[in-house]
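Colleague: Provide a 3D model corresponding to the input given below.
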Amino acid sequence: MLKTRIITALMLVAVFIPALFTLSNTYWAYGMLVLALLALNEWAGMIQLLTKQRTIYLAVFTVAGLIAVQMLGQHGFHWFFFKSLNVFFIVALFWTLVVPIWLAKKWVVNKYVLALLGLLLMASIWFALICAKGADPRLLLALLATIWIADSAAYFAGKNFGKHKLAPSISPGKTWEGVLGAQIAVTIYGIILYFTFNINNFAIFPALWLITSFGVIGDLFESMLKRQANMKDSGQLLPGHGGILDRIDGIIPSLPIAILMIYVYNLWS
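Modeller: Below is the predicted model:
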């Protein structure tokens, strides 16, 4: 299983990084729209939409997405970025104020409410992937690397040292030792960024810790929904990893919030 996970991850990176640095903002937006649709399709399965409902659901997102890409081409990246900030602010409130209570209470929510939530979350991660790449492809890569490093460190720390369960009723495999391992790993990553790339600002460390924390929350939230739907994985598209949602669950909250944090910090610094 580990070998399959590594091979799949390497194949994804081999496609993702060249696309990140070579595609225009418009073509990147189209490519990420496909990714968002695949994730939304898994979301629709997870909340158990019927076939006809799922078709309409994906069609609505597709049409809205194509219109958004057209608006990006007409009005430019900066217009798109500032419009996206409104969505990032809404999802930041959701992940900060609503999700912790939701996880604690383990609410079971109507599938139509979850359908609307899925549209919001997939739109937010799609916008974030476009905005971060448009601002600087290296920024997007650095932010995504934070979650990838945190996920890998959490997996190995939890597997080798995990004793204290993080949320046993939601995700029995996750441990506090895994979370600590993730935070230590991103701290080391921050030190490398600080000294190697001359990011002479200690704010990078709390930012990385917050991004990692929201990644954990996103992972737990998806795990809770899968458990309520009696599903182990969101899909089978990625051998060794499960579905698209299983790979981006930590990125869904962390990337939009990271972009919002960077914007606010630059605004006030």
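
Colleague: which residues in the stretch 1-150 of the chain form helices?
Modeller: Listed in chain order, the helices of the stretch 1-150 of the chain (DSSP state H, counting those that start in this stretch) span 2-22, 25-46, 51-75, 77-93, 99-105, 111-135, 137-161.

Colleague: which stretches of the protein aren't confidently modelled?
Modeller: Using pLDDT under 70 as the threshold, the predicted model of the chain has low-confidence ranges 1-2, 269.

Colleague: Buried residues, the top strand by length along it. List them.
Modeller: With residue count as the measure and DSSP state E as the assignment, the chain has strand 171-175 as its longest strand. Across strand 171-175, burial judged by 16 or more other Cβ atoms under 10 Å covers 171, 174, 175. C-betas here are computed from N, CA, C, even on glycine.

Colleague: Now residue 235: closest residue in space, sequence neighbours ignored.
Modeller: Using Cβ to Cβ, 6 or more residues apart in numbering and skipping residues adjacent in sequence, the residue nearest residue 235 is residue 243, 2.6 Å away.

Colleague: didn't the one you found look like it was pressed against residue 237?
Modeller: Yes. The pair residue 243 and residue 237 passes the contact test of Cβ atoms under 8 Å, sitting 5.5 Å apart.

Colleague: elements contacting the longest strand of the chain?
Modeller: Counting contacts by 3 or more Cβ pairs under 8 Å, 6 or more residues apart in numbering; DSSP states H and E, the secondary-structure elements packed against strand 171-175 are helix 137-161, strand 165-167, helix 204-228.

Colleague: ok so, going back, looking at residue 243 and residue 237 now, which is surrounded by more residues?
Modeller: In this view residue 243 and residue 237 are compared by other Cβ atoms under 10 Å, and residue 243 has more residues nearby, 24 against 18.
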